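Peer 1: sequence first, predicted model second:
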Amino acid sequence: MISHREPAASSRRMEAARRRGGGRRKPVTGGASGSGRRKTSRRRGRNARSEASTAAVATPEPAAQAPQPQTPESSVIEIPEVISVRDLAQKLDTTPIEIIKILMSYGTMATINEIIDFDTATIVAEELGKEIERETIVEEELEESETGPKTLRERLLEMEDPSKLKPRPPVITVLGHVDHGKTTLLDAIRNTRVAEREAGGITQHIAAYQIELDGRKITFLDTPGHAAFTAMRARGAQVTDIVILVVAADDGVMPQTEEAIDHARAAHVPIIVALNKMDKPNANPERVMQQLADRGLQPEEWGGDTIVVPISAKQRINIDALLENVLLVADVMDLKANPEGPAIGTVIETLQDRRLGNTATVLVQKGTLKKGDPIVLGQEWGRVRAMFDDRGRQLNEAKPSMPVLITGLQGLPQAGDIFQVVESDRLARQISAERKEKDRAKEQEQTKALTLEDFYAQMQSGAVKDLNLIVKVDVQGSLEPIVKSLEDLSSDEVGIRILRKAVGNITESDVMLATASRALIIGFNVKVDPVAKRQAEQQGVDIRLYNVIYHIVEDISKALQGMLEPVYEERELGRAEVRAVFRIRGRGKVMGCLVTDGVIRRNADAIILRNGQEIHRGVISSLKRYQEDVPEVRSGYECGIAVENFTDPKEGDIIVATEQVRVR
């Protein structure tokens, strides 16, 4: 039996309200009536909870159902990632007042111009009996920009009243090859010894700073330059306005320099080149500028549009000129944001601090973040307990383009997550629960283990392009022939990838690799370690054992052609003995039974035995205890059972509940 963790109190209340309204997250056709049913359900009070639970497990007999009028299916309404109350009302064909009332019922005070996120809009839509989905164009933009903050910024600007937009500081990301002087440059700008505190002289985490130059603020993101932290560097490029590309004049363009250029271009942001280490005797700026030009960054001196500023971060030479060029580019870009209203922005970094607990460095992109604000960050939520700038000073608020470290989070969000201030802890908690539930379902779908029978369908749909295999054999002499035979099956349409080939039994390590890479495990004359077997069953990893090489090749070949059929096995769940037979008007005969072994489940297949002989097969259509529908009954308990199309039950009959289990 699957156990479920008890949700938070408010989530339980909302879940009960949904069940009373007709089922969790089930779209209701006929908007007004759907909403009416939900409101009526809430007025029924606490006693409705048990009724809802009973209704949730009840399975009415087909004969008892009244004919239902045919109604057309509700059309799915596309909603962008963020939307104003006014626009949402228009999309849902209702009034802004109705939207505001629903938000108020969840503890959220909103105005007609309030911007809410997709998950909040989902809750509102459900109350109105409407079904919504994310707008397709937004998904495409998010895919193109990887984590989506740039798309978020553009959409926020599109929805804002131009009269409310105010100039904001530019956000600068410093990128470049390892040891080319990125952190030393920021050290020179901030006049602190950040570089000396980093382990091994290499930046370990993204840090965000804000400095002032001639009364104007500039925000800097310091991203790691080491190859192991490529993903962190890419994330930094996605929240920035301008990239400073640090290139050592004595070293030139290196592989990570090229990678940084690619990240900046993918983020569609201008690049200013800081030609560092000009104080070194072997500095060769002409060679470096030629390398930059070869990669599409034509220096202004050579007639291009890329600003190149020669500097020495260590000697603090020409730093002001670099910053002046940053402000010049920012002026041309005319960077603006609305500092009013609840804050929206991006999570830059997260950390679990021994003293402060869960913390997140966030970059505000709209509105003003205030101490005490309820906040949703990706799948997590919290209330801003404290707020610090990069020098550790406590703040009460943060405006657009300002990075701050916040505390008071219930969990650690992911770097790159969007954060948004909401009106109440209740709504924040609910949105967090909704997102986690949605992500769990999505993760189960995406990480569902691949089986050989499923492969062809997934290949045809484009879900997979390669068949990943782990091959374990008994002796070395068998390994190469098997691997070669499998690799020969590769074609232009699908490739065979051998992730691991080794001699020995199938181990837990093999299963872990298969789980992570959605691979199949092929075993030839080997056994499966007990721990590995349990792990494979839990993760759904497909393990195939063979003792003839030809059979391996045959099965894989059939799978590639979509000809391999799954094999199922009938397994017994439990048994029940018929102790009495009752006739119920409109439902026929129902058997009063005692479960003698295992478990009897509603909707399970059933075999009826009389005197040891099979006399009928059907489905358990009804399962009750004390007139209440239940999903299952375990050994030692009495229950009422009805089996589909079984009209002649007798005392002493044995009901065997079974299920079909795929064995390969």
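Peer 2: Yep, it's here. Numbering: from 1, shown residues only.
Peer 1: please list the residues outside the longest strand that the chain contains that contact it.
Peer 2: In the chain, with assignment by DSSP state E, the single longest strand is strand 568-584. For strand 568-584, the surrounding residues in contact (C-beta atoms under 8 Å, 6 or more residues apart in numbering) are 589-601, 604-605, 633-635, 638-641, 649-663. Where C-beta positions appear, they are placed from N, C-alpha and C, glycine not excepted.
Peer 1: recalculate using a threshold of 6 Å.
Peer 2: Applying C-beta atoms under 6 Å, 6 or more residues apart in numbering, the contact partners of strand 568-584 are 589-600, 604, 649, 651, 653-663.
Peer 1: try stretch 244-253
Peer 2: Identification of contacts with stretch 244-253 by C-beta under 6 Å, 6+ apart yields 172, 174-176, 180-182, 185, 257, 260, 271-278, 280, 282-283, 285, 288, 291.
Peer 1: quick one, the next helix or strand after the longest strand of the chain and strand 568-584 angle?
Peer 2: Next helix or strand after strand 568-584 toward the C-terminus (DSSP states H and E): strand 588-601. Strand 588-601 runs at 140 degrees relative to strand 568-584, counting by axes from the mean of the first three to the mean of the last three C-alpha atoms, to 10 degrees.
Peer 1: and strand 588-601, which strands flank it?
Peer 2: Using DSSP bridges, the strands paired with strand 588-601 are strand 568-584 (antiparallel), strand 632-634 (antiparallel), strand 638-643 (antiparallel).
Peer 1: in it, what's buried?
Peer 2: Residues Val590, Met591, Gly592, Cys593, Leu594, Val595, Asp597, Val599, Ile600, Arg601 are the ones in strand 588-601 that count as buried (16 or more other C-beta atoms under 10 Å).
Peer 1: in strands only, show me the contacts of stretch 244-253.
Peer 2: Counting by DSSP E, these contribute Ile172, Val174, Leu175, Gly176, Ile271, Ile272, Val273, Ala274, Leu275, Asn276 to strands.
Peer 1: if you count neighbours, what's buried in the longest strand of the chain?
Peer 2: Result for strand 568-584 [16+ other C-beta under 10 Å]: buried residues Leu573, Gly574, Arg575, Ala576, Glu577, Val578.
Peer 1: report the distance from that strand to the chain centre.
Peer 2: Centroid separation for strand 568-584 versus its chain: 42 Å, with C-alpha atoms, centre = their mean, to the nearest Å.
Peer 1: how about that strand as CSV, C-alpha atoms only?
Peer 2: Provided in CSV are the C-alpha atoms of strand 568-584 (Å, rounded to 0.1, in the frame of the first residue of the first chain):
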residue,chain,number,x,y,z
TYR,A,568,3.2,-10.3,-18.2
GLU,A,569,2.7,-12.6,-15.3
GLU,A,570,-0.4,-13.1,-13.2
ARG,A,571,0.4,-12.7,-9.5
GLU,A,572,-2.0,-13.4,-6.6
LEU,A,573,-2.8,-10.5,-4.3
GLY,A,574,-5.0,-12.2,-1.8
ARG,A,575,-7.9,-14.5,-1.1
ALA,A,576,-11.4,-14.2,0.4
GLU,A,577,-14.0,-16.8,1.4
VAL,A,578,-17.6,-16.2,0.7
ARG,A,579,-19.5,-16.5,4.1
ALA,A,580,-22.9,-15.2,3.0
VAL,A,581,-24.8,-14.0,-0.2
PHE,A,582,-27.1,-11.0,-0.2
ARG,A,583,-29.4,-9.7,-2.9
ILE,A,584,-29.5,-5.9,-3.2
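Peer 1: what subset of the contacts of stretch 244-253 is buried?
Peer 2: 172, 174-176, 180-182, 185, 257, 260, 271-278, 283, 285, 288, 291.
Peer 1: quick one: mean pLDDT for stretch 284-292?
Peer 2: Stretch 284-292 comes out with an average pLDDT of 94.
Peer 1: work out for me the element the spatially most central residue of the chain sits within.
Peer 2: The centre of the chain sits closest to Asp439, judged by C-alpha atoms, centre = their mean, with a distance of 4.7 Å. If you go by DSSP H and E, Asp439 is part of helix 425-446.
Peer 1: returning to what we had before: nearest to Ser622, out of the buried residues of strand 568-584: which one, please.
Peer 2: Taking C-beta to C-beta as the measure, Ser622 lies nearest Ala576 of the buried residues of strand 568-584, at 13.2 Å.
Peer 1: so who does the closest residue to that closest one other than its chain neighbours touch?
Peer 2: Leaving out its chain neighbours, the residue that sits closest to Ala576 by C-beta to C-beta, 6 or more residues apart in numbering is Cys593, at 4.1 Å. Contacts for Cys593 (C-beta under 6 Å, 6+ apart) come out as Ala576, Val578, Cys639, Ile641.
Peer 1: if we go to 8 Å?
Peer 2: Ala576, Glu577, Val578, Arg579, Ile600, Glu638, Cys639, Gly640, Ile641, Ile655.
Peer 1: output the residues you listed as a markdown table; include the columns pLDDT and distance to Ala330.
Peer 2: Converted to a markdown table, these look like this (pLDDT from 0 to 100; distance: C-beta to C-beta, whole Å):
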| residue | pLDDT | distance to Ala330 |
| --- | --- | --- |
| Ala576 | 96 | 76 |
| Glu577 | 96 | 81 |
| Val578 | 95 | 82 |
| Arg579 | 95 | 83 |
| Ile600 | 95 | 71 |
| Glu638 | 93 | 77 |
| Cys639 | 93 | 73 |
| Gly640 | 93 | 75 |
| Ile641 | 94 | 74 |
| Ile655 | 96 | 76 |
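Peer 1: nearest to Arg134, of the residues you listed?
Peer 2: Nearest to Arg134 out of the contacts of Cys593 is Ile600 (C-beta to C-beta; 42.0 Å).
Peer 1: got a list of what that closest one touches?
Peer 2: Counting by C-beta under 8 Å, 6+ apart, Ile600 touches Leu573, Gly574, Ala576, Cys593, Ile620, Leu623, Glu632, Val633, Cys639, Ile641, Ile655, Ala657.
Peer 1: next, count neighbours for the last one.
Peer 2: The number of residues packed around Ala657, counting by other C-beta atoms under 10 Å, is 27.
Peer 1: does it belong to a helix, a strand or coil?
Peer 2: Three-state call for Ala657 (DSSP: H, G, I helix; E, B strand; the rest coil): strand.
Peer 1: per-domain residue ranges of the chain.
Peer 2: Here the domain parsing of the chain from the TED database is 77-134, 166-337, 344-444, 463-562, 568-662.
Peer 1: ranking the ones you listed by mean pLDDT, which is last?
Peer 2: Out of those, domain 166-337 stands lowest, with a mean of 80 (criterion: mean pLDDT).
Peer 1: gap between the closest residue to Glu423 other than its chain neighbours and Gln365?
Peer 2: Spatial nearest neighbour of Glu423, chain neighbours left out: Thr108 (3.8 Å); criterion: C-beta to C-beta, 6+ apart. Counting by C-beta to C-beta, to the nearest Å, the gap from Thr108 to Gln365 is 21 Å.
Peer 1: more neighbours: these two, which one.
Peer 2: Comparing Thr108 with Gln365 by other C-beta under 10 Å, the one with more neighbours is Gln365, at 25 against 22.
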